[in-house]
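Novice: I'll drop the sequence and a predicted model, then ask my questions.
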Amino acid sequence: MLPGGVLLMSAPSGVRPEPSAEAQSDAVAARLNTLDRLLPLWIGAAMLLGLGLGRLLPSLGSALSAVEVDGVSLPIAIGLLVMMYPVLAKVRYDRLDTVTGDVRMLTASLLLNWVVGPALMFALAWLLLPDLPAYRTGLIIVGLARCIAMVIIWNDLACGDREAAAVLVALNSIFQVIAFAALGWFYLSVLPGWLGLPQADLDVSAAQIAKSVLIFLGIPLLAGYLSRRVGEKRWGRTAYESSFLPRVGPWALYGLLFTIVVLFALQGQQITSRPLDVARIALPLLAYFALMWGGGYLLGRVLGMTYERTTTLAFTAAGNNFELAIAVAIATFGVTSGQALAGVVGPLIEVPVLVGLVYVSLALRRRFPQAAATPG
């Protein structure tokens, strides 16, 4: 199901034939509402609106920044929670064992997210920003913060495996709490020291990261799980998926658009007043998203995964937790630092790039073999 209420009903029998890729694409396109059809336009408009508000009303950013609870931006938190809940309410939690038993996918995801991703961002940052240490450090922090929020939306729009996405973001969350600080120390201090390069420090605690994970993943995940359990118990699965989910589905995109407006309004002044710096930061980010997504897709094909799981693997590898990266950069280096600006430019580039990759992914869907049957 796509956000916006597009629902592919399951047949009452135990097994249903899988339609062709062309038939699936035509069916989805025929039932998309206006919001879904014009998604790139709405996202572009939300970005421009946020940037414009931040530029025209410089005090707006300060006002939004002041609305915090224990260092967490309340407007961004609300937007992300509204964005993630409908998608997580669609997950069939009784099928998660089919994902946790897929050792190939879990291993591939851990390899891409926690070995390849940070190393690639480290290499790109040093290669393309050798003369800009603050921006370089900010990008390395972005590379360490694996996505646990927006990737849920990109995966769902690209018709990826919803259950696999839930498992992989949960896995990333656990590793984020355990490994983020250690990897930051390694890539900012240890590895540069070995290579004879300038070193930097990163002051971040496991508690700070755990709080981010709890708020931005734990709350909507629990809400989605309880909705599924209570809804199916009260109405049955068919009624839950045909009546309740189409009602809450559009809120995923409303939350996404609201989050984008708030995020860019917060940093609109910085972004629009330093266009050349933004362009320099954008180059390694563009290369990073393309290489990580392409590498995830290629690895999924080599491992013989289905379209759905290959798509999930690619998007979870390419996405980053911009909220955590920005929060860590601001807490360590200050709100006006180059490190913080690099974190802010992250979603400026990530959002349009990954929206574009959603369409690339859907176009590649036809190249995957279709399964003969799936459980109903």
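Specialist: In hand now; what should we look at? Since the model is a prediction, treat every value here as computed from it, not as a measurement.

Novice: show me the shaky parts of the stretch 51-200 of the chain.
Specialist: Residue ranges of the stretch 51-200 of the chain with pLDDT under 70: 61, 65, 69-72.

Novice: 50 instead?
Specialist: Counting by pLDDT under 50, the stretch 51-200 of the chain shows no low-confidence range.

Novice: the helices in it, which residues?
Specialist: Ranges of helices in the stretch 51-200 of the chain, per DSSP state H, counting those that start in this stretch, are 58-66, 74-90, 97-100, 103-111, 117-128, 133-144, 150-157, 162-185, 191-194.

Novice: may I see the buried residues of the last one?
Specialist: By neighbour count on 16 or more other Cβ atoms under 10 Å, the buried set for helix 191-194 is Leu191, Pro192. For every residue, glycine as well, the C-beta is placed using N, CA and C.

Novice: which strands and helices sit next to it?
Specialist: With contacts taken as 3 or more Cβ pairs under 8 Å, 6 or more residues apart in numbering; DSSP states H and E, helix 191-194 sits against no other helix or strand.

Novice: list of residues touching it?
Specialist: Helix 191-194 is contacted by residues Phe122, Pro198, Gln199, Ala200 when judged by Cβ atoms under 8 Å, 6 or more residues apart in numbering.

Novice: which of the residues you listed are buried?
Specialist: Judged by 16+ other Cβ under 10 Å, buried ones among those: Phe122, Ala200.

Novice: adding distance to Phe333 as columns, could you present the helices of the stretch 51-200 of the chain in CSV?
Specialist: Below are these laid out as CSV (distance: least, Cβ to Cβ, whole Å):
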stretch, distance to Phe333
helix 58-66, 16
helix 74-90, 19
helix 97-100, 38
helix 103-111, 29
helix 117-128, 15
helix 133-144, 7
helix 150-157, 24
helix 162-185, 12
helix 191-194, 16
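
Novice: which one of the ones you listed lies nearest to Thr238?
Specialist: Between Thr238 and the helices of the stretch 51-200 of the chain, the tightest spacing by Cβ to Cβ is seen for helix 74-90, at 14.0 Å.

Novice: give me the angle between the helix or strand containing Ser361 and helix 150-157.
Specialist: Per DSSP states H and E, Ser361 falls inside helix 338-364. Between helix 338-364 and helix 150-157, the angle comes out at 10 degrees (axes from the mean of the first three to the mean of the last three Cα atoms, to 10 degrees).

Novice: run the chain-centre distance for helix 338-364.
Specialist: 9 Å (Cα atoms, centre = their mean, to the nearest Å).

Novice: give the rounded mean pLDDT of it.
Specialist: Mean pLDDT, computed over helix 338-364, is 88.

Novice: offset the numbering so it begins at 35, please.
Specialist: Understood, numbering begins at 35; the last thing we discussed is helix 372-398.

Novice: dump the C-alpha coordinates for stretch 221-237 into PDB.
Specialist: Provided in PDB are the C-alpha atoms of stretch 221-237 (Å, rounded to 0.1, in the frame of the first residue of the first chain):
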ATOM      1  CA  TYR A 221      36.600   7.900  11.800                       C
ATOM      2  CA  LEU A 222      37.300  11.300  13.300                       C
ATOM      3  CA  SER A 223      40.300  10.500  15.500                       C
ATOM      4  CA  VAL A 224      41.800   7.000  15.100                       C
ATOM      5  CA  LEU A 225      41.700   6.500  11.300                       C
ATOM      6  CA  PRO A 226      42.900  10.100  10.500                       C
ATOM      7  CA  GLY A 227      45.700   9.600  12.900                       C
ATOM      8  CA  TRP A 228      46.800   6.400  11.200                       C
ATOM      9  CA  LEU A 229      46.700   8.200   7.900                       C
ATOM     10  CA  GLY A 230      48.600  11.200   9.100                       C
ATOM     11  CA  LEU A 231      45.600  13.500   8.700                       C
ATOM     12  CA  PRO A 232      44.100  16.100  11.000                       C
ATOM     13  CA  GLN A 233      41.900  14.700  13.800                       C
ATOM     14  CA  ALA A 234      38.700  15.800  15.400                       C
ATOM     15  CA  ASP A 235      36.700  14.900  18.500                       C
ATOM     16  CA  LEU A 236      33.000  13.900  18.900                       C
ATOM     17  CA  ASP A 237      31.200  14.400  22.200                       C
END
